[in-house]
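Trainee: show me how the following folds:
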Amino acid sequence: MKQISVLLMTLLLAGCGFSGIMPEKYDGEAFEVDEEAAELYEQENKLLNSGMEDRFHFMNATVQNTAESTGETVMISSGSYEIGEDIEEGRYRIGQGDTSAGALVTYDSEGTRIVEIAMDYFTEQITLDLTDGMQLDYKSRDAEVELIPAGESMMNITADESFIIPAGIHEVGRHLESGEYSLVTDHLPVQRADGEKDVYVNYLSTSSYIVNEPLLEEEVMDIEELLVTLNEGDMIITEYPITIKKE
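Mentor: Numbering: from 1, shown residues only. I've put the predicted structure just below:
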């Protein structure tokens, strides 16, 4: 418990640089404030897209649609797979196999990386949205993992109760209801229906990894929530789990 508490404090302090507590200089050089980025964060709790492409890969591409079909169960080993040839188009979740290590990376038909999901203790729930022409890379030393059709059912989100959105791509109106949500954890990457890319940030919170850690159930965490409106056609494109609450 002490180790977890120390980790939590470290992450909270790391966020202080974005909430007003930060040094004025680095390596003897004064920081220059990006006024446009500061204003966007102050007014809308968004990160400025410029320079964020290496951190949030989905900004480099536009996801046109989510899969229409259910796909077929398949076991894959380390390698690259063409969707529509090696793997049927569809939405998949992880079934049997080694989910303790490795990574799943998806690319669009132009070869642009969309998401890279690290497989570990915190990302056992993963949804892969694979459409024809995409490429899936499974990176692992010698493991195998099973992909099971996930179907098109709407996420069961109850008002005023926290809910974990799995790593992957999820379309508002098809996989979760449109409306107002509170972002409980730190980031919410969204591709809007018109193609605009938004990354909402909640630096007065912490990551889903910490919030949903069973060992922290007795810990008191002062977490402030951030209200975000999600409209039909918007897509949440995330490489890690996100905790939200339906208003």
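
Trainee: could you use CA atoms for every contact and neighbour count after this?
Mentor: Noted.

Trainee: show me which strand runs longest in the chain.
Mentor: Identified as the longest strand of the chain according to DSSP state E is strand 90-97.

Trainee: can you list the strands that the helix or strand just after that one pairs with?
Mentor: Using DSSP states H and E, the helix or strand that follows strand 90-97 in sequence is strand 103-107. Sheet pairing of strand 103-107 (DSSP bridges) gives strand 113-118 (antiparallel), strand 135-139 (antiparallel).

Trainee: for Lys245, which of the ones you listed is the nearest?
Mentor: Nearest to Lys245, of all these, is strand 113-118, at 22.9 Å by C-alpha to C-alpha.

Trainee: for the closest one, C-alpha coordinates in CSV please.
Mentor: Provided in CSV are the C-alpha atoms of strand 113-118 (Å, rounded to 0.1, in the frame of the first residue of the first chain):
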residue,chain,number,x,y,z
ARG,A,113,-0.3,4.2,-37.3
ILE,A,114,-3.7,4.8,-35.6
VAL,A,115,-3.3,3.2,-32.1
GLU,A,116,-0.6,1.2,-30.3
ILE,A,117,-2.0,-0.6,-27.3
ALA,A,118,0.5,-2.1,-24.8
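
Trainee: okay, now the sheet partners of the very next helix or strand once past that strand, with direction.
Mentor: Moving toward the C-terminus from strand 113-118, the next helix or strand (DSSP H and E) is strand 126-130. Its sheet considered, strand 126-130 pairs with strand 90-97 (antiparallel), strand 167-171 (parallel) by DSSP bridges.

Trainee: okay, how far is it across stretch 94-102, tip to tip?
Mentor: End-to-end distance for stretch 94-102, by C-alpha to C-alpha, to the nearest Å: 13 Å.

Trainee: and that stretch, what's buried?
Mentor: Neighbour counts using 16 or more other C-alpha atoms under 10 Å place 94-95, 98-99, 102 of stretch 94-102 among the buried residues.

Trainee: circling back: redo the strands paired with strand 103-107 as JSON lines? Include distance to Ile148, mean pLDDT and mean neighbour count.
Mentor: Formatted as JSON lines, those follow (distance: least, C-alpha to C-alpha, whole Å; pLDDT from 0 to 100; neighbours: other C-alpha atoms under 10 Å):
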{"stretch": "strand 113-118", "distance to Ile148": "17", "mean pLDDT": "92", "mean neighbour count": "22"}
{"stretch": "strand 135-139", "distance to Ile148": "15", "mean pLDDT": "95", "mean neighbour count": "21"}
